[in-house]
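>>> sequence plus the predicted model coming up.
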Amino acid sequence: MQTLSTRSTKASSIKRVWHLIDVKDKVLGRVATGIAKLLMGKAKPYFVRHLDCGDYVIIINAKHIKVTGKKESDKKYFTYSGFPGGLHVRTLANFRLQKPEEIIVHAVKGMLPQNKLRDRMLSRLFVFPEAEHPYQDKIKN
């Protein structure tokens with residue numbers, strides 16, 4: 001009689017692929033969910049939650065990402081230093097002028113699991129404001 005067993009995924013069996021995503025004229029939330037799935041590796045058949053199974057993701061044209069409705073003026077990003085008077089509030093339009101790549105990083109970070117693997121997943125996300133990037137040799141066509 002044959003016994004069936006499920007093989008557990010090991011860290012050595014994880015294969016990582018590089019993905020290039022052009023976000024020019026695409027909606028922020030819809031793109032961020034796809035990026036989060038790639039970083040987590042949820043589409044892989046050997047996905048497990050306790051291991052980092054995700055791929056590398058390169059995002060280009062982050063400066064030209066779109067948002068719907070009045071989010072350009074109404075969406076706010078808060079940072080607080082912990083000191084009195086240390087609350088800093090920026091709108092999306094202001095954030096786009098200063099650090100356009102941080103808009104995507106902030107959106108994707110909120111969609112990743114809040115555990116010890118999140119920083120490791122985010123370290124494989126590379127965001128560039130324009131189309132030029134130094135990882136051309138990593139992407140296979």
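Ah, there it is.
>>> need the pLDDT of the residue nearest to the spatial centre of the chain.
Among the residues of the chain, residue 108 comes closest to the average C-alpha position under Cα atoms, centre = their mean, at 4.0 Å. Residue 108 is assigned a pLDDT of 98 by the prediction.
>>> I'd like the distance between it and residue 52.
15 Å (Cβ to Cβ, to the nearest Å). Every C-beta, even on glycine, is put in place using the N, C-alpha and C of the backbone.
>>> what segments of the protein are strands?
18-22, 56-60, 76-80, 87-91, 125-127 (DSSP state E).
>>> and the second one, what does it pack onto?
Going back to what we said before, that points to strand 56-60. strand 18-22, helix 28-40, strand 125-127 (3 or more Cβ pairs under 8 Å, 6 or more residues apart in numbering; DSSP states H and E).
>>> closest one to residue 69 among the ones you listed?
helix 28-40 (11.1 Å; Cβ to Cβ).
>>> other SSEs contacting that closest one?
strand 18-22, strand 56-60, helix 100-111, helix 118-122.
>>> most tightly surrounded among those?
strand 56-60 (a mean of 21; mean count of other Cβ atoms under 10 Å).
>>> right, and the strands of the chain - which one's nearest residue 45?
Once the strands of the chain are compared by Cβ to Cβ, strand 18-22 is nearest, at 17.3 Å.
>>> re earlier: got the strands of the chain as TSV, with distance to residue 103 columns?
Below are these laid out as TSV (distance: least, Cβ to Cβ, whole Å):
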stretch	distance to residue 103
strand 18-22	14
strand 56-60	10
strand 76-80	8
strand 87-91	10
strand 125-127	9
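>>> any chance of the ones you listed in TSV, with mean pLDDT too?
TSV is the format used below for those (pLDDT from 0 to 100):
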stretch	mean pLDDT
strand 18-22	97
strand 56-60	97
strand 76-80	95
strand 87-91	95
strand 125-127	97
